[in-house]
Every structure is written in structure tokens, then in C-alpha cells.
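Participant: let me see the structure of the following:
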Amino acid sequence: MQKGKFIGLLACASALALSACGDSPPPAPPPPAVGVVTLSTGSAPLLNELPGRIVAVETAEVRPQISGVIRRRLFAEGSVVRAGQLLYEIEDAPYRAAVAQAQGSLARANAAIRSTSLQAQRYKELVGINAVSRQEYDNADAAAQQARADVAAQRGALQSAQVNQNFTRIRAPISGRIGRSLFTPGALVQAGQADPLATIQRTDTVYVDVTQSAAQIIDLKQSMKSGGVSEADGARIQLLLPNGSAYPIEGRLQFSEVSVDPTSGAVTLRASFANPDGLLLPGMYVRAKMIEGQRTQAILAPQQGITRDARGRATAMVVGKDNKAEMRQVTVDRAVGDKWIVTGGLKAGDRLIVEGLVNLRPGTLVKPGAPQQVTASKGGAQ
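Facilitator: Residues are numbered from 1 along each chain as shown. The predicted model follows:
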């Protein structure tokens, strides 16, 4: 009987204990740990990546200045030629004949000038004693002057024939690398033809023509005027080649066009690059990275802390009052390395959440700590 009472009392105690446990709430989960970066202000370079094309410093199209048949080609296609080097020979037989004919005409004119000059001299003496009329003397003197003029004309004709004969030997107008020959020996070429014989390009130094929108230029100048951006020390430019690799030699900005292209609304900038190995070829598409200036008092936020909402707006989560997460809409200018330049929505001293953003909602109590993978920038974020 006592044993039954003991079992009943034990069951009652167990029921009371279970009843007491059911009435108390479960313990709250710990706040999620997040990695934060404290933002600060500093100076940041304004990098701009622009599309561009390679242009040779000098380009010359080799063209015939007379008509004739090509007799010889005296260069190897793709080789480097020097200014004045002989490239083509055109059949010169007709031009040698023209020179010989001009020489004969000049000799005849020189012979005529002697006889007319002597006659004019004699008539000058005779007209003094009225042995010949004044008209006869005037005619003799005019014939002598005409003979002298004919000599000058024939001398010019001879020079013209010699120039044409020299044009049968086509020489390189500049030094550089010559391309393929569009005409072979035996082909008839003509002065003023549409197609050049070949093209020479000097590429030991090349130009890179890049285009930048007029709106970007206006924004930059207005920022400089307001004091938010300082001018860069030297216009250095780096190139990204078509395969994505960086060109090892930096270039320098030469000038920018004084007008805007009405079709594209862009301004052309020209930079020069040394090309000792011939890696940069005319017509090649590249991308140029240019330092336009330095933004003062800039806030650099790690890109891991900036996201986009459903509308495409840039947002950020910061640790606010009482360590609760707050949502901020921010405005970003451009990327500098792995960070964004933030121009609105964040300020120095804000604790930007860069790790632990998954499923994090505004108002959630968080446990801020140092990030594990994200580092702060020098002078921009800490």
C-alpha cells in the first residue's frame, strides 16, 4: 500500500515539473555575428576606363606620280624600310626619250638666241645712221627677246621631263614598316589612281585615340571647380590589350579635340605610347585606364557591402543604434579597385556590414565584429 502511494506521489511530481517547464518561454537565439568596416574619409584616384584604337604616328601611302608599267619591286613585304629607299621601278624608256627631246629643243633654242641677238646688235648700229628703219630694228630686238624666252621655256620643259623620269623610281617617303604590295611587276599603274601601291606605317611610337562622353568631361570639370576633385599630377594612361593583359609601358595624354562629335556626343583624346617591340598594331582595339583626378574627402566602401534592390538601387546595411541593422540607400560614383566611391547615403563613422548579410533584415539585433575576408582601404575605410 505504501509502495503504491510512493509511485503516485512520484508521478504527481513529474507531472508538476512538466507543467512548470511548459509554461516558461524558450531561450532567445544569440544575435547573428556580422563583419563591419568603419568608414572614414580620404583621397581616392578617379580612374576611367575608355575604349580606344591604335593609330600609327606616321602613315604614308606609296602612289605613282606618273603612268607606266612596273618593272621591278625592290622590297620585301612586311619589312622595315628607310626614307628614300627605292621601292619600285617603272619602265622609263618613254621618259628617257622625252628628256632627250627636251634637251634637243633647248639646244635649238640656244642656237637661235645667238643669231637673233647678233642681228639685233647690228640693227642697233645701223638704225643710228638711218641705214635700216626703226621698225626693222624693233623687229630684230623682239626676235632676240623671244629667243631668250624660248630658251627659258625649253629649260623648264627639260626640267619637267627629268622630274618625270625621276618619278619612274618610286622611293619610300618615310621610314617604317611597309605592308603588302597591291601591284606586282608588269602591272600598269597611273598617276592619281585610287589604290596605293603599298602603305608604310611608323610604329616605334603609336597614338591611342580614346573617346569620352562630353557629359563625363563636364561632370569632372564641375567637380574640380567645386573643390571636390583635384587635378591629377600628370596624365598617365595604362592600356589593356585585347586579350585582357596590361601593356607594360605607360603612355601620356597628348591633347583632346576641341569639338564634340555630333553623332556620338563624345570627345576624342589622344595619347602616345612607346612601342619598341611592335606589340601595338594600328587598328587594334584597346581599353585605356586614365587617372582623371583625385577626389578629396572620398568615402571608399568595400564592394561586398553594397548591394542592389529589386529596382536596381544601390543599398547598404549598417550597424545603427543599439547594434540593430539599418538599411541605407546610397549613391556610388565609380569603382576603385575592389571598392566603391560613395557620394551619398553613407558618412564617415558609419559601421558598414560587409559580411553576414545573408537573410539579414533591417531592425535585427546583430553582433558586430572584425571581418574575416574584407580589408579596409588606406585613408578610405577602416
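Participant: how is this protein partitioned into domains?
Facilitator: Under the assignment named as automatic domain parsing, the residue ranges that make up the domains of the chain are 33-43+297-369, 47-56+202-295, 64-91+169-195, 93-166.
Participant: do you know which of the ones you listed lies nearest residue 26?
Facilitator: Judged by C-beta to C-beta, the one of these that comes nearest to residue 26 is domain 33-43+297-369, at 17.0 Å. For the C-beta atoms, the positions are set from N, CA and C on the backbone; glycine is no exception.
Participant: what's the average pLDDT for the closest one?
Facilitator: For domain 33-43+297-369, mean pLDDT rounds to 88.
Participant: among the domains of the chain, which is the most enclosed?
Facilitator: domain 33-43+297-369 (a mean of 17; mean count of other C-beta atoms under 10 Å).
Participant: now do the end-to-end distance for it.
Facilitator: 7 Å (C-alpha to C-alpha, to the nearest Å).
Participant: and it, how far from the chain's centre?
Facilitator: Going by C-alpha atoms, centre = their mean, to the nearest Å, the spacing between the C-alpha centre of domain 33-43+297-369 and its chain's C-alpha centre is 36 Å.
Participant: distance to residue 27 for the domains of the chain - can I get that in JSON lines?
Facilitator: Below are these laid out as JSON lines (distance: least, C-beta to C-beta, whole Å):
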{"stretch": "domain 33-43+297-369", "distance to residue 27": "15"}
{"stretch": "domain 47-56+202-295", "distance to residue 27": "49"}
{"stretch": "domain 64-91+169-195", "distance to residue 27": "79"}
{"stretch": "domain 93-166", "distance to residue 27": "103"}
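Participant: looking at this, residue 151 is in a helix?
Facilitator: Yes: assigned with DSSP: H, G, I helix; E, B strand; the rest coil, residue 151 falls within a helix.
Participant: once you drop chain neighbours, what's closest to it?
Facilitator: In space, residue 151 comes closest to residue 109 once its chain neighbours are excluded; the distance is 4.4 Å by C-beta to C-beta, 6 or more residues apart in numbering.
Participant: pull the contacting residues for the one you found.
Facilitator: With contact set as C-beta atoms under 8 Å, 6 or more residues apart in numbering, residue 109 has these partners: 147, 150-151, 153-154.
Participant: possible to save those as CSV with distance to residue 350?
Facilitator: Compiled in CSV, the contacts of residue 109 are given as follows (distance: C-beta to C-beta, whole Å):
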residue, distance to residue 350
147, 100
150, 96
151, 94
153, 90
154, 92
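Participant: with respect to residue 116, which of these is nearest?
Facilitator: Lowest distance from residue 116 to the contacts of residue 109 (C-beta to C-beta) belongs to residue 147, with 4.4 Å.
Participant: check which helix or strand covers the closest one.
Facilitator: For residue 147, the host element (DSSP states H and E) is helix 134-166.
Participant: that helix packs against which elements?
Facilitator: Contacts defined by 3 or more C-beta pairs under 8 Å, 6 or more residues apart in numbering; DSSP states H and E place helix 134-166 against helix 93-128.
Participant: pLDDT weak spots in the stretch 151-300 of the chain?
Facilitator: Low-confidence segments of the stretch 151-300 of the chain, defined by pLDDT under 70, span residues 219-235.
Participant: sounds good, over and out.
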